[in-house]
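[1] Need coordinates for the below:
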Amino acid sequence: MKQKIGVENIDHVGIVVPSIEQAIRHYEKNFNVERGEIKISKKQKVKISLLEFKNIKLELIEPLNQESPVNSFLSKNPLGGLHHLGIEVNNIDETYDIAQNLELNPIGKPSEGYHGKLLFFLHPKKMMNTLIEIISKH
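    Down below sits the predicted model:
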């Protein structure tokens, strides 16, 4: 029997937005949520802000430039939208191996994200058209 990916929890929902400032103001105005710090990831070519709810975070993502990996998503969805689900796991390397064995087409090897945690993505064609980010708990 093949191993399965051991999920700790859903860490966040990634939402690509055309303007991170505008998106933050929208969520602050309409929901009881506090402004998250805007971080810039030059490596990932994005601006990111986390908005924390009791049980989950929204990760707002704005492309920095035309070379940003999320720019094509925004081109197809000019108002922005749901981009990915971030799933937390205990052992990122073991999870990567399991994902390969399950033929889930991991996109890239685990690499460090803007938050210092290791992560990789599962190809949406193998995940019912949903991009899944696998992120290390520690």
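[2] Residue 40 belongs to a strand, doesn't it?
    Yes - secondary structure assignment (DSSP: H, G, I helix; E, B strand; the rest coil) places residue 40 inside a strand.
[3] tell me the mean pLDDT over stretch 8-19?
    Averaging pLDDT along stretch 8-19 yields 96.
[4] Name the surrounding residues that touch that stretch.
    Defining contact as Cβ atoms under 8 Å, 6 or more residues apart in numbering, one finds that stretch 8-19 is touched by 23, 50, 56-63, 70, 73-74, 77-90, 131, 133, 135, 137. Glycine gets a C-beta too; all of them are placed from N, C-alpha and C.
[5] what comes up buried for the helix or strand that contains residue 10?
    Element membership for residue 10 (DSSP states H and E) is strand 7-16. Judged by neighbour count using 16 or more other Cβ atoms under 10 Å, the buried positions of strand 7-16 are 11-16.
[6] Quick check, residue 61 in contact with residue 45.
    No - under the criterion of Cβ atoms under 8 Å, residue 61 is not in contact with residue 45, lying 10.3 Å apart.
[7] higher neighbour count, the two?
    Counting neighbours by other Cβ atoms under 10 Å for residue 61 and for residue 45 shows that residue 61 has the greater number, 25 against 16.
[8] Using CSV, write out the CA atom coordinates for the helix or strand just after the strand holding residue 10.
    Next helix or strand after strand 7-16 toward the C-terminus (DSSP H and E): helix 20-30. What follows is the C-alpha trace of helix 20-30 in CSV, where atoms were taken according to Å, rounded to 0.1, in the frame of the first residue of the first chain:
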residue,chain,number,x,y,z
ILE,A,20,-2.4,44.4,-1.8
GLU,A,21,-3.1,47.7,-0.1
GLN,A,22,-6.6,47.8,-1.5
ALA,A,23,-7.2,44.2,-0.6
ILE,A,24,-6.0,44.8,3.0
ARG,A,25,-8.3,47.8,3.3
HIS,A,26,-11.2,45.7,2.0
TYR,A,27,-10.8,42.9,4.5
GLU,A,28,-10.2,45.4,7.4
LYS,A,29,-13.4,47.3,6.5
ASN,A,30,-15.6,44.2,6.1
